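Novice: What follows is a predicted protein model with its sequence.
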Amino acid sequence: MTNPWFEKLVESIEEKKAEIQKGGGQKRIDKEHKKGKMTARERIDFLIDEGEEFHEIGLWAGHEMYEEEGGCPAGGVITGIGKVSGQRCMIVANDATVKAGAWFPITAKKNLRAQEIAMENHLALIYLVDSAGVYLPMQDEIFPDKEHFGRIFRNNAVLSARGIPQIAAIMGSCVAGGAYLPIMSDEALIVDGTGSVFLAGSYLVKAAIGEEVDNETLGGATTHTEISGVTDYKMNSDTECLETIRDLMDKMSRPVRAGFNRKESSEPKLSTEEMIRVIPEDRNKPYDMYKVLDGIVDKGSFTEFKKGYGQTLITGYGRIDGWSVGIVANQRTVVRSKEGEMQIGGVIYSDSADKAARFVMNCNQKKIPIVFLQDVTGFMIGKRSEHGGIIKDGAKMVNAVANSTVPKITIVVGNSYGAGNYAMCGRAYDPRFIYAWPTAQIAVMGGNQAAKVLTQIQVSALEKQGKELSDEERDEILDRIRSRYERQTDVRYAAARLWVDEIIHPGDTRKRISKAIECADHNPDIPDFKTGVIQV
């Protein structure tokens, strides 16, 4: 048996996940079927190889972010990695059941993340386009900035210049600025009768220049394959379109590999159930991260680096599903320093930071991918630490992680607080993939500490205004702030904003890491490692 509290947590996440996967709901799914169209998820299932698992990225995007707009399940677009005709690809499919596939701000962010993954790992990109374009009531949050809508077309051009194949299938509406995405891809298919692409639809054409024309004549399949030459293949149905994509993928050359070390896989020492039992419900309680490693690393493959030094961080080489990896993991037990002093688990001390920086450099020297397992409350504070140069040693670790050029894969197991998030390769430090367990929390500091600090500030401000607060009023302020902070530190809040790529069950950790390295192996170009100036 696993922990009952953990089972309850996973159950609540799985229930919401199933709801998100329905997109705009059954009525809208039925509406798509009546048009002779598959839904986005049905298209992906048909496209990928039989028996191949689709590794979704960003399922939780937009979760509880656009309630006043009626919601935006999965950000209105489905992204993830799967094999098509034996080739590992990034697939991007607009979900027309969600606001007709319109683009919200999070939709653009999710598309950009998919392109970033494809670019970093040299994965072919397949776009299944079915979108009404920008969600106009929020155009100011999606249109003009560097990380907004237009960046996607810039990426189309950059991907093509780097020789990364892009195939686009116009399987529904493709309007205005969104029209550039499929046409800036290397090849474009269009489904007759349902697919259309134009800079302005018939209503806007009528309003702008007074011309009367129907959408099919303006930008349908016949127009763009026989008159304008904008698209390359005219398809009679969704299924024919997807089969043609499979045929095109089958004829592509296979990528040159980076050549990361892999041997035959072996099972870990502990089962998933045994590993989960290690994690306490109280996130402030210590536990042994070595036991978590025993549930992830191939049995007998772990070689620890500097075991007796900087013991609040575990560093070492191991294998995960046969792949050679370097591992940097926060140790959550209370340990003794070299001077015999007790050190708090989950905190990064000077010696730990120094050790991790050296280890990251070693992995880059040997071209070994690095896996970070985060359960960190931050760097050690206080007079002794400051006098000992914790900022200098922390900066050394952050510098090494920031400049690391080998693939980095991050798993947020529990806490991910403050500068510890940075040093352990949080989103800002460009991990190739970053996943979170249901137990993860990401914030500048823990909930209790943050709530007390914020309450103190608010109470002081009220007292300066001459207001006297009773104990009950102080408690009410504390509870209100704590409740808000707890919501913001919930893993679903982080996943909704794409701070992590996906919430995964601990039992899927090995599989996700293995697939991440397999993707990374598609890109043979690993720059030389340089750190710049580091204080020593």
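Specialist: Perfect, I can see it now. Bear in mind that the values here come from a model prediction, so they are computed numbers and not experimental data.

Novice: When you work out contacts or count neighbours from here on, use the C-alpha atoms and nothing else.
Specialist: Will do.

Novice: residue furthest from the geometric center of this protein?
Specialist: In terms of distance from the mean C-alpha position of the chain, residue 466 ranks first, at 47.7 Å (C-alpha atoms, centre = their mean).

Novice: what's the helix or strand for that residue?
Specialist: When secondary structure is defined by DSSP states H and E, residue 466 falls outside every helix and strand.

Novice: quick one: the strands in the stretch 201-350 of the chain?
Specialist: Using DSSP state E, counting those that start in this stretch, the strands of the stretch 201-350 of the chain run over 233-235, 303-304, 313-320, 323-330, 335-336, 342-343, 347-348.

Novice: Those strands: which one's closest to residue 71?
Specialist: The closest of the strands of the stretch 201-350 of the chain to residue 71 is strand 233-235. By C-alpha to C-alpha, the value is 32.7 Å.

Novice: Just give the nearest non-adjacent residue to residue 213, would you?
Specialist: Once flanking residues are discounted, residue 213 sits nearest to residue 202: 5.8 Å by C-alpha to C-alpha, 6 or more residues apart in numbering.

Novice: can you check residue 143 too?
Specialist: residue 149 (5.4 Å).

Novice: residue contacts, the one you found?
Specialist: Residues near residue 149 by C-alpha atoms under 8 Å, 6 or more residues apart in numbering: 108, 142-143.

Novice: Tell me how far it lies from residue 40.
Specialist: Separation of residue 149 from residue 40 (C-alpha to C-alpha, to the nearest Å): 21 Å.

Novice: Please apply the same query to residue 147.
Specialist: Taking C-alpha to C-alpha, one finds residue 147 at 25 Å from residue 40.

Novice: Which one's more surrounded, these two?
Specialist: Between residue 147 and residue 40, residue 40 has the larger neighbour count (other C-alpha atoms under 10 Å), namely 25 against 14.

Novice: Isn't the more buried one up against residue 95?
Specialist: Yes: if you go by C-alpha atoms under 8 Å, residue 40 and residue 95 touch, sitting 5.3 Å apart.

Novice: Residue 463 sits in which helix or strand?
Specialist: Element membership for residue 463, per DSSP H and E: helix 447-464.

Novice: Who are the packing partners of that helix?
Specialist: helix 471-489 (3 or more C-alpha pairs under 8 Å, 6 or more residues apart in numbering; DSSP states H and E).

Novice: Can I get the helix it packs on as CSV, trimmed to CA atoms?
Specialist: Extracted C-alpha coordinates of helix 471-489, given in CSV (Å, rounded to 0.1, in the frame of the first residue of the first chain):
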residue,chain,number,x,y,z
ASP,A,471,-5.7,38.6,18.1
GLU,A,472,-8.7,37.3,16.1
GLU,A,473,-8.2,39.9,13.5
ARG,A,474,-4.5,39.1,13.2
ASP,A,475,-5.3,35.4,12.9
GLU,A,476,-7.9,36.2,10.2
ILE,A,477,-5.3,38.1,8.2
LEU,A,478,-2.8,35.3,8.6
ASP,A,479,-5.4,32.7,7.5
ARG,A,480,-6.4,34.7,4.4
ILE,A,481,-2.8,35.3,3.3
ARG,A,482,-1.8,31.6,4.0
SER,A,483,-4.8,30.4,1.9
ARG,A,484,-3.9,32.6,-1.1
TYR,A,485,-0.2,31.6,-0.8
GLU,A,486,-1.0,27.9,-0.6
ARG,A,487,-3.1,28.1,-3.8
GLN,A,488,-0.2,29.8,-5.5
THR,A,489,2.3,27.2,-4.4
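
Novice: packing partners for it?
Specialist: Looks like helix 471-489 contacts strand 441-443, helix 447-464 (3+ C-alpha pairs under 8 Å, 6+ apart).

Novice: remind me which residues of the stretch 301-450 of the chain are low pLDDT?
Specialist: 337-340, 446-450 (pLDDT under 70).

Novice: quick one, helices of it?
Specialist: 350-366, 383-387, 390-403, 418-423, 447-464 (DSSP state H, counting those that start in this stretch).

Novice: can you tell which of the ones you listed is closest to residue 179?
Specialist: With respect to residue 179, and counting by C-alpha to C-alpha, the nearest of these is helix 390-403 at 36.3 Å.

Novice: May I see the strands of the stretch 201-350 of the chain organised as a markdown table, with distance to residue 4 and mean neighbour count added?
Specialist: Shown next, in a markdown table, are these (distance: least, C-alpha to C-alpha, whole Å; neighbours: other C-alpha atoms under 10 Å):
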| stretch | distance to residue 4 | mean neighbour count |
| --- | --- | --- |
| strand 233-235 | 52 | 21 |
| strand 303-304 | 33 | 14 |
| strand 313-320 | 28 | 25 |
| strand 323-330 | 25 | 26 |
| strand 335-336 | 29 | 16 |
| strand 342-343 | 30 | 14 |
| strand 347-348 | 28 | 26 |
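
Novice: Format those strands as a markdown table; extra columns: distance to residue 295.
Specialist: Output for those, formatted as a markdown table (distance: least, C-alpha to C-alpha, whole Å):
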| stretch | distance to residue 295 |
| --- | --- |
| strand 233-235 | 48 |
| strand 303-304 | 16 |
| strand 313-320 | 10 |
| strand 323-330 | 13 |
| strand 335-336 | 22 |
| strand 342-343 | 25 |
| strand 347-348 | 22 |
